[in-house]
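Undergrad: Give me a 3D structure for the following:
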Amino acid sequence: MSATEEEIPVDAPVTQPVFAPKAAVAQPKPPSFMVRLLKKPLAVASLVWLAIVVTVGIIGQFWTPYDPILVNLKIFKELPSAEHWLGTDALGRDVMSRLMAGTMLTITGVIEAMLTAMIIGVILGLVAGYFGGWWDRFIMQITNIIVALPGIILLLTVLVVFNREMIAAMVVFGIMGSATITRVVRSVTLSVRQELYIDAARISGLGSFYIITRHVVPRIIGPLIVQLSLFSAIAIVTQTGINFLGLGVAPPAPTWGGMVAEAAVAMNDFPWLLVPSGIAIALTVLAFGLLGDSARDAASEGWTKSARTGGKVQNNDNVAEQDAAVAKAKSELNMDTFLSVRGLTIVADNGEKTSVLVDNMSLDLAHGETLGIVGESGSGKTLTSLALMGLLPTGTRVRAGAMQLGGQVFDLRDHDSIRDLRGSTIGMIFQEPMAALDPCFTISSQIVEVIRRHLGLDKKAAKEMAVELLRKVRIPNPEEIAKRYPHQVSGGMAQRVGIAKALVANPKLLLADEPTTALDVTVQAEVLDLIRDLSEQNDMAVILVTHDWGVVADSCDRALVLYHGETMEMDSVANLFSKPSHPYTQALLKANPHNAKVGQPLPTIQASLESLLNAPRKK
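TA: Next up, the predicted model:
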């Protein structure tokens with residue numbers, strides 16, 4: 001017997017802890033920039049080599065096997081031996097000792113140039129990008145002047161004026177390099193400054209200095225490391241080049257560039273002398289270059305990495321128990337319907353702790369049927385739809401679960417087996433219309449790309465089909481709209497374009513993740529009507545993720561109610577509205593804004609639950 005507002009059945013749950021607000025499950029933080037960087041073998045190898053170079057440089061300041069400037073003509077130009085591991089040069093000096101003693105001079109020069117470029121570049125770039133206006137124009141004029149200066153001539157002039165003082169030369173080189181750093185930092189800052197959370201911080205009364213240091217600087221760290229790595233490689237080449245030309249540190253003081261110059265003189269009769277210093281320079285430059293490439297990739301992954309994580313997510317579970325749970329789920333699948341899901345459990349791993357986000361969910365869906373998944377924010381609605389596509393966010397994974405789709409059985413833990421279903425069998429519409437569209441390409445080119453990928457049509461036929469798809473989703477003047485870029489169309493039209501892309505291969509299952517949330521009421525109704533009509537025309541099953549009971553009533557045949565990842569009930573829409581069997585569903589319906597009465601506060605879900613649970617129980 002169903003509950004009413006005045007009375008609760010005897011067998012209904014009566015303990016409030018069941019529905020007490022659960023602590024929000026801590027979503028795992030995406031890996032930090034350094035964590036992503038250290039997962040790259042080339043980055044680790046580069047850092048190891050640079051650490052070795054720095055260590056050797058420090059040791060070389062206090063100890064070397066031999067005096068690096070001691071001349072011994074009795075043992076000149078010797079190959080490596082037990083006494084002299086890297087041989088001796090034309091004056092009988094130990095090559096290894098000279099290499100060790102000269103390392104710190106090279107590293108110090110790179111650090112001087114890098115710090116100069118970083119301090120000037122970061123400050124000027126942040127000021128220009130954040131404050132804009134005349135600050136931006138003034139700083140950009142300065143950087144343009146710096147870029148226009150003849151670098152080599154300027155460095156040579158400094159060396160002459162300061163009597164071969166390498167500190168002065170590398171500081172000037174850093175000032176020259178700061179122009180590139182300034183431009184990169186300004187570019188990133190301009191982008192971050194447009195974010196809504198920056199406006200919110202300003203409205204909250206936060207000062208510019210706090211906003212820059214707290215919200216802007218973390219966003220520039222990745223690109224900054226990339227630029228500094230590449231700049232350091234150039235600084236080494238520049239410094240060694242200066243010493244090679246004899247314009248830097250005066251002999252007999254050892255430097256890498258000076259050792260290359262000495263090797264060049266003896267190249268004809270003793271080429272080995274070039275090997276130690278040449279390899280040291282080459283590997284160090286290569287290490288900085290590879291570190292910069294790895295840093296670029298790690299920074300990019302922080303903002304654009306695909307949500308699919310596959311087996312890379314840490315698994316804290318017993319594999320045998322997982323396999324047993326999946327086997328049980330497969331045995332319970334309904335093979336008589338189009339889609340059947342059993343035992344879907346999604347978890348997030350935070351170190352040694354595992355949090356359950358969706359717990360043992362099951363559902364069935366027939367051809368042409370629309371199932372609404374409804375619940376509060378954070379209940380696991382979107383995660384459920386993403387799991388069926390193998391597109392769970394970073395840090396989450398499917399612990400167990402099986403899916404039967406069109407007679408084929410899939411282990412939902414195996415993302416690779418699901419990949420081929422994307423686009424062809426399963427289509428998806430995202431909540432944010434622009435999420436499915438690349439701002440760099442026209443609407444036509446993006447639809448054509450999907451058509452050629454799935455249907456193999458030539459470019460001309462694909463363009464014609466793209467226009468027909470736009471017409472099919474009721475876009476007026478599709479030939480003209482196809483030539484536009486995403487930012488040149490409205491949100492509702494962008495959502496229709498996303499639907500057109502999802503329909504390219506005539507999928508049999510459409511996952512719609514709150515497709516009308518970002519749209520106005522009129523456009524919402526049009527999009528829902530379109531999805532419903534397409535479902536009827538193509539006999540397409542639809543899973544509609546929403547928190548809006550009005551959408552459920554208008555578009556769905558059945559609905560599944562979620563609460564913090566747990567299935568409260570699943571029934572026809574008519575039954576859920578007329579006689580909901582679960583107290584949480586009743587509370588959710590009472591908090592529906594569509595039922596709000598003018599002049600009366602809208603009941604909260606928790607208040608409605610307390611009222612229902614404390615109501616007199618029917619005898």
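Undergrad: Can you give the contact residues for the helix or strand hosting residue 363?
TA: If you go by DSSP states H and E, residue 363 is part of strand 353-365. Contacts with strand 353-365, where a contact means Cβ atoms under 8 Å, 6 or more residues apart in numbering, come from 25-26, 316-317, 332, 334, 337-348, 371, 380, 383-384, 387, 396, 399, 401, 509, 541, 543, 560, 562, 565-567, 570. No exception for glycine: its C-beta is placed from N, CA and C like everyone else's.
Undergrad: Near residue 66, how many other residues are there?
TA: With neighbours defined by other Cβ atoms under 10 Å, the count for residue 66 comes to 17.
Undergrad: what's the nearest residue to it if we skip its chain neighbours?
TA: By the measure of Cβ to Cβ, 6 or more residues apart in numbering, the closest residue to residue 66 outside its immediate chain neighbours is residue 94, 3.9 Å from it.
Undergrad: tell me what whichever strand or helix holds residue 404 is packed against?
TA: Here residue 404 is covered by strand 396-405, with elements defined by DSSP H and E. On a contact count with 3 or more Cβ pairs under 8 Å, 6 or more residues apart in numbering; DSSP states H and E, strand 396-405 meets helix 319-331, strand 339-350, strand 353-365, helix 381-389, strand 408-411.
Undergrad: make it 6 Å
TA: Packing partners of strand 396-405 (3 or more Cβ pairs under 6 Å, 6 or more residues apart in numbering; DSSP states H and E): helix 319-331, strand 339-350.
Undergrad: Centre of the chain to the longest one, how far?
TA: Computed by Cα atoms, centre = their mean, to the nearest Å, the chain-centroid distance of helix 319-331 equals 31 Å.
Undergrad: That one packs against which elements?
TA: Counting by 3+ Cβ pairs under 6 Å, 6+ apart, helix 319-331 packs on strand 396-405.
Undergrad: So for stretch 566-575, mean pLDDT?
TA: Confidence over stretch 566-575, taken as the mean pLDDT, stands at 90.
Undergrad: just stretch 151-167 next, same as before
TA: Confidence for stretch 151-167, expressed as mean pLDDT, is 88.
Undergrad: do the same with stretch 586-593
TA: 80.
Undergrad: Give me the nearest residue to residue 105, chain neighbours excluded.
TA: Distance criterion Cβ to Cβ, 6+ apart; nearest residue to residue 105, sequence neighbours excluded, is residue 255 at 5.3 Å.
Undergrad: Next, count neighbours for that neighbour.
TA: Neighbour count of residue 255, defined by other Cβ under 10 Å: 27.
Undergrad: Now do the residue lying closest to residue 116 once chain neighbours are set aside against residue 168, distance only.
TA: If the residues on either side of it in the chain are set aside, residue 116 comes closest to residue 174, at 2.7 Å by Cβ to Cβ, 6+ apart. Distance check for residue 174 against residue 168: by Cβ to Cβ, to the nearest Å, it reads 11 Å.
Undergrad: Which one's more surrounded, these two?
TA: The residue with more neighbours, out of residue 174 and residue 168, is residue 174; 25 against 16, by other Cβ under 10 Å.
Undergrad: Is that one in contact with residue 119, as I believe?
TA: No. Between residue 174 and residue 119 there is no contact under Cβ atoms under 6 Å: 8.5 Å.
Undergrad: what touches both of these two?
TA: Taking Cβ atoms under 6 Å, 6 or more residues apart in numbering as the contact rule, residue 174 and residue 119 touch no residue in common.
Undergrad: Checking residue 374 next. Helix, strand or coil?
TA: Assigned state for residue 374: strand (three-state reduction, DSSP: H, G, I helix; E, B strand; the rest coil).
Undergrad: Could you pull up the contacting residues of it?
TA: Per Cβ under 6 Å, 6+ apart, neighbours of residue 374: 546, 552, 559, 561.
Undergrad: rerun that using 8 Å as the cut-off
TA: Neighbouring residues of residue 374 by Cβ under 8 Å, 6+ apart: 381, 546-549, 552, 559-562, 588.
Undergrad: got it, and residue 240?
TA: For residue 240, the contacting residues are 106, 255-257, 260, 281, by Cβ under 8 Å, 6+ apart.
Undergrad: what's the neighbour count on the closest residue to residue 221 other than its chain neighbours?
TA: If the residues on either side of it in the chain are set aside, residue 221 comes closest to residue 33, at 6.2 Å by Cβ to Cβ, 6+ apart. Neighbour count for residue 33, taken as other Cβ under 10 Å: 17.
Undergrad: Repeat that for residue 94.
TA: Here the number of neighbours of residue 94 (other Cβ under 10 Å) works out to 25.
Undergrad: And for residue 422?
TA: The criterion is other Cβ under 10 Å. On that basis, residue 422 has 16 neighbouring residues.
Undergrad: how far away is it from residue 386?
TA: Using Cβ to Cβ, we find residue 422 at a distance of 11 Å from residue 386.
Undergrad: returning to that earlier point: can you tell me which residues contact the residue nearest to residue 66?
TA: Contact criterion Cβ under 8 Å, 6+ apart gives 64-68, 70, 84, 86, 88 as the residues in contact with residue 94.
Undergrad: Buried ones among these?
TA: In the contacts of residue 94, burial by neighbour count holds for 64, 66, 68, 84, 86, 88, counting by 16 or more other Cβ atoms under 10 Å.
Undergrad: Mind checking which of those are in helices?
TA: Where the buried ones among the contacts of residue 94 are compared with helices, as defined by DSSP state H, there is no overlap at all.
Undergrad: Check what pLDDT the spatially closest residue to residue 418 that is not a sequence neighbour gets.
TA: Spatial nearest neighbour of residue 418, chain neighbours left out: residue 390 (3.9 Å); criterion: Cβ to Cβ, 6+ apart. According to the predicted model, the pLDDT of residue 390 comes to 86.
Undergrad: Also residue 142?
TA: Per-residue confidence for residue 142 comes out at a pLDDT of 93.
Undergrad: Go ahead and confirm it touches residue 121.
TA: No. With the criterion set as Cβ atoms under 8 Å, residue 142 and residue 121 do not qualify as a contacting pair; they are 11.4 Å apart.
Undergrad: Neighbour count for those two, which is higher?
TA: Counted by other Cβ under 10 Å, residue 142 and residue 121 do not tie: residue 121 has more neighbours, with 27 against 15.
Undergrad: Quick check: the gap between that one and residue 211.
TA: 20 Å.
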